[in-house]
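Novice: the following comprises the amino acid sequence and a computationally predicted model.
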Amino acid sequence: MPRRAGAAARPGAAVTAAALSLPLGGGRAAPPRPGPARPGGGGGETEPRAGRPPARRALSPPRPEPAAAGREAAMSLLSALVPLLRVYCIGLLVILHQLRRRLRPRCPPAPVFPTQNGKVAIVTGGAEGIGYQTVKHLARLGMHVIIVEFLYCDLASMKSIRQFVQRFRAKNCPLHVLVNNAGVMLVPERKTEDGFEEHFGLNYLGHFLLTNLLLDTLEQSGTHSHNARIITVSSATHYAGKLHLNDLKSRCSYSPHGAYAQSKLALVLFTYRLQHLLTANGSHVTANVVDPGVVNTKLYRHVFWVVKVAKWMTAWLFFKTPEEGASTSIYAAVSPEMEGAGGCYLYNEERTKSADVAYDEELQRRLWTESCKMVGISDESSKAP
């Protein structure tokens, strides 16, 4: 019988020793007893000794395959790169269209709109840029304009929006025009106080909740001959947008360009669904979405430095001024041509076609239902056809 180092092994000791690849005790491990080879076994393998459990090899954790890690990194890069390229391609096409329009021999004269004395409007983001120019023009026409920044409302906070609506209702004044203009663009990944991705939360959900909470007042203010109007400012980047209904908070992956484009697509889908519901209810309210074009505003503070330099050098020629960018919002708010017209996508004061996906009624319905859940309001659209 072969001599073993140290005392007799306890039951299971052989397993432990094999698992740790160490001999029992401080001496040399006992050599294996010769025996018949196991069927199909290789040389040196022997039958396990009676009464002792067979030794087992330790299982090391699986190592990630280099190919799999490379594919994952490539997919991550691609998920950020594709939206970026799509957004900048759309922007370049819009800039070329604006340049061609600007170089026309005869530019059409600015339209003259009727006075709006006695009417009330709310404009979000009315302190600067396109919103400020919209406010200024509506006020010149005689409208009483409430700039949301001055009647405090943080569109990134559902609580703040509800408080704003309560303060506005306390004034007991009508509401004839609502311009959903405020927004952010290409911000770094961050959340609103309610936990929503900022583009989706501020650009879309904030205006979704605000519009729904003010809808009763708008319906009471509109008449058969003078409908109340909801104007929502989207962007040509919606053509590059994809709606991720299973990840509206962008938890799986984040691309500032993809998130911005998604929020602008959501605004178009929202407007079309809203108009469908307004028509079904016989409301004297219309909802339209406008595209201001590529406008020289402060929204570009988060773009790449190369784009900032290019914008600084060429904006005077290629970009619209904020006043030019506001023209379509103003047209949608007060033009007699838009009386009773809803569900339109407007660009350069003309009706045009939005992205094909925006006309998907099932997608419109699903986004509306999910949005109601996210902001905590009842989904009255479930009763509509």
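Specialist: Perfect, I can see it now.

Novice: please, where are all the strands along the stretch 51-200 of the chain?
Specialist: Here the stretch 51-200 of the chain has its strands, by DSSP state E, counting those that start in this stretch, at 120-123, 144-147, 177-180.

Novice: buried deepest among these, which one?
Specialist: The highest mean neighbour count among the strands of the stretch 51-200 of the chain, using mean count of other Cβ atoms under 10 Å, belongs to strand 177-180: a mean of 28. Backbone N, C-alpha and C define where each C-beta goes, glycine included.

Novice: quickly run through the sheet partners of it, with directions.
Specialist: Applying DSSP bridges to the sheet, strand 177-180 is found paired with strand 120-123 (parallel), strand 228-233 (parallel).

Novice: could I get those in CSV, plus columns for distance to G340 and mean pLDDT?
Specialist: Shown next, in CSV, are the strands paired with strand 177-180 (distance: least, Cβ to Cβ, whole Å; pLDDT from 0 to 100):
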stretch, distance to G340, mean pLDDT
strand 120-123, 18, 97
strand 228-233, 10, 98
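
Novice: can I get those strands in CSV including distance to P83?
Specialist: Supplementary listing: the strands paired with strand 177-180 in CSV, determined by distance: least, Cβ to Cβ, whole Å:
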stretch, distance to P83
strand 120-123, 29
strand 228-233, 20
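
Novice: report the helix or strand with the lowest average pLDDT across the protein.
Specialist: When the helices and strands of the chain are scored by mean pLDDT, DSSP states H and E, helix 13-20 comes last with a mean of 35.

Novice: pull out the buried residues from stretch 212-227.
Specialist: By neighbour count with 16 or more other Cβ atoms under 10 Å, stretch 212-227 contains the buried residues 212-215, 217-219, 221-222, 227.

Novice: cool, and stretch 281-298?
Specialist: Of all the residues in stretch 281-298, those buried under the rule 16+ other Cβ under 10 Å are 283-297.

Novice: secondary structure element holding the closest residue to S283 other than its chain neighbours?
Specialist: Leaving out its chain neighbours, the residue that sits closest to S283 by Cβ to Cβ, 6 or more residues apart in numbering is E219, at 5.0 Å. Here E219 sits within helix 207-221, counting by DSSP states H and E.

Novice: average pLDDT for that helix?
Specialist: For helix 207-221, mean pLDDT rounds to 98.

Novice: tell me the contacts of the residue nearest to F208 when sequence neighbours are not counted?
Specialist: Residue nearest to F208 in three dimensions, not counting chain neighbours: S371, with 5.1 Å by Cβ to Cβ, 6+ apart. With contact taken as Cβ atoms under 8 Å, 6 or more residues apart in numbering, S371 is in contact with 204-205, 208, 270.

Novice: I'd like the buried residues of stretch 212-227 as CSV, with distance to T352 appended.
Specialist: Formatted as CSV, these follow (distance: Cβ to Cβ, whole Å):
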residue, distance to T352
N212, 27
L213, 30
L214, 27
L215, 26
T217, 30
L218, 25
E219, 28
S221, 28
G222, 25
N227, 21
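
Novice: farthest-separated two in these?
Specialist: L213 and N227 (19.3 Å; Cβ to Cβ).

Novice: circling back to that earlier point, quick check: the farthest pair among the contacts of S371?
Specialist: Greatest spatial distance among those (Cβ to Cβ): L205 and F270, at 9.7 Å.

Novice: pLDDT below threshold where in the stretch 101-250 of the chain?
Specialist: 149-150 (pLDDT under 70).

Novice: quick one on the thing from earlier: got TSV for the strands of the stretch 51-200 of the chain, with distance to Q275 too?
Specialist: Putting the strands of the stretch 51-200 of the chain into TSV (distance: least, Cβ to Cβ, whole Å) gives the following:
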stretch	distance to Q275
strand 120-123	19
strand 144-147	24
strand 177-180	14
